[in-house]
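In: prediction below, plus the sequence it came from.
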Amino acid sequence: MSTPALRVGHEPLFGAPEAAHRPMSGYGSGGPAPKRIIVGYGFWIFLLSDVIMFSAFFAAYAVLFKNTAGGPSAHELFDLRNTAVQTACLLASTFTCGMASLAVGQRNQKWTQLALLVTGLLGLAFIVLEIREFSGFVVRGAGPGRSAFLSSFFTLVGCHGVHVSAGLLWLGTMMAQFFAKGFRQDIRHRFLCFSLFWHALDIIWVGIFSLVYLVGSLPPELLP
Amino acid sequence: MSNELDYEAGSYVGEDRAAGGGQPGEQHTLRREVRGYLLGLALAVGLTIASFWVVGTDEIYRPGLAVAILVLAVAQMGIHLIFFLHITTAPDNANNILALAFGVLIVCLVVFGSLWVMIHMNHNMLPMDQVMQMQR
């Protein structure tokens, strides 16, 4: 084993040779990946399937966008100031969620709870703004039953809102578990999944505010 | 205890981080990570402001606005993936990258495929009032 010729077989096929000496390289040398990597990968697969579900709603919205059935169009309906505040809330909450995961890495209870609280309050503000916007539409006679455009709009944006609401419940659970049980390994793995979920929701919101609200508020003659 | 510290929580999908409480390099690593999040936030805020600005401006070619918004959105999604979800090209992240690539493929098939098919059907259909007349 000590001769150089025998060592060659232990080098990885790709990448830097020193990767073989790290405990976990992704090449299979050094045994199975730690549980944290596997948990993250599994949840990543779930998130991607969630994104594919959203892509179907995006496609339905894009197809039905012009079918207003004589009702209000996107150009008349959307208030971009509301969307801008919602976007700011969700972007800030995704940042504070990142700060919370750094605090969890430091095992710092005070900063973890504080960052998660701010994340939750910003998420709550987002949901309140969305509910206010939706109820305003319904009061103006632009509910989900008015036209195919509005059905697909409420389905797409409402589905994202339901995800954020579920995320808020999960966030409260994580705060309680960190407080009551401390930074146990299984709870940190749950938190890893939560933070992935929260960041992914912001990515979907980027698609919604750009392709639904901003493109929808363009004058009709500018649309493809 | 050392085994416990091997599992670092956080939003890291794949990247393996050297962990350890109270080590000398600890504060340095933390500062670098906070800086990474701040850089991601700054880029995301910049792209968001750009896309809201683009809607109201006359500075750019107006018929290209929808495409400009789409490009800015895709750029911002990339920023989120890199700085917040920590998708990297590290070897232990290869599985995440492959799954992401497959997800993007399916998303593109669903969205562009639906639009393509439905727009062609729309072009080839009789206008609805004529259909109604034929049914009388």
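Out: Sure, I can see it.

In: assign residue A:144 to helix, strand or coil.
Out: coil (DSSP: H, G, I helix; E, B strand; the rest coil).

In: how many residues are close by the closest residue to it other than its chain neighbours?
Out: Leaving aside its sequence neighbours, residue A:144 sits nearest to residue A:154 (Cβ to Cβ, 6 or more residues apart in numbering or on different chains; 3.9 Å). In this view, the C-beta of every residue, glycine as well, is placed from N, C-alpha and C. Residue A:154: 20 surrounding residues under other Cβ atoms under 10 Å in any protein chain shown.

In: and the pLDDT at residue A:154?
Out: For residue A:154, the model assigns a pLDDT of 97.

In: give me the neighbour count for residue A:158.
Out: Residue A:158 has 14 nearby residues by other Cβ under 10 Å.

In: in which helix or strand does it reside?
Out: helix A:148-181 (DSSP states H and E).

In: against which helices or strands is that helix packed?
Out: helix A:35-64, helix A:109-139, helix A:185-207 (3 or more Cβ pairs under 8 Å, 6 or more residues apart in numbering or on different chains; DSSP states H and E).

In: ok, the residue nearest to residue A:144 touching residue A:130?
Out: No. Judged on Cβ atoms under 8 Å, residue A:154 makes no contact with residue A:130 at a distance of 10.8 Å.

In: shaky segments in the chain?
Out: I'll assume chain A. A:1-29, A:224 (pLDDT under 70).

In: you looked at the wrong chain, it should be chain B
Out: B:1-26.

In: break it into its domains for me.
Out: Taking automatic domain parsing as the criterion, chain B consists of the domains B:1-88, B:89-136.

In: could you do chain A as well?
Out: A:1-33, A:35-222.

In: what's the closest of those to residue B:91?
Out: Closest approach to residue B:91 among those (Cβ to Cβ): domain A:1-33, 3.7 Å.

In: give me the neighbour count for residue 66.
Out: Using chain A here. Neighbour number of residue A:66 under other Cβ under 10 Å is 14.

In: let me rephrase: I mean chain B.
Out: Neighbour tally, residue B:66, other Cβ under 10 Å: 19.

In: list the contacts for the residue nearest to it when sequence neighbours are not counted?
Out: Once flanking residues are discounted, residue B:66 sits nearest to residue A:215: 5.2 Å by Cβ to Cβ, 6+ apart. By Cβ atoms under 8 Å, 6 or more residues apart in numbering or on different chains, residue A:215 lies in contact with A:223, B:66, B:69-70.

In: so where does residue A:215 fall, helix or strand?
Out: Going by DSSP H and E, residue A:215 is part of helix A:215-216.

In: next: residue B:97.
Out: Per DSSP H and E: helix B:94-124 holds residue B:97.

In: could you tell me the angle between that helix and helix A:185-207?
Out: 30 degrees (axes from the mean of the first three to the mean of the last three Cα atoms, to 10 degrees).

In: for helix B:94-124, which positions count as buried?
Out: Buried residues in helix B:94-124, counted by 16 or more other Cβ atoms under 10 Å in any protein chain shown: B:95-97, B:99-100, B:103, B:107, B:110-111, B:114.

In: stretch B:78-92 vs chain A: in contact?
Out: Yes. Stretch B:78-92 is in contact with chain A by Cβ under 8 Å from any Cβ of the partner chain, via B:80-81, B:84-85, B:90-92.

In: of all those residues, which two lie farthest apart?
Out: B:80 and B:91 (22.6 Å).

In: looking at these two, which is more packed in?
Out: Taking other Cβ under 10 Å, residue B:80 and residue B:91 do not tie; residue B:80 has more neighbours (22 against 19).

In: tell me which of the domains of chain B lies nearest to residue A:71.
Out: domain B:89-136 (16.2 Å).
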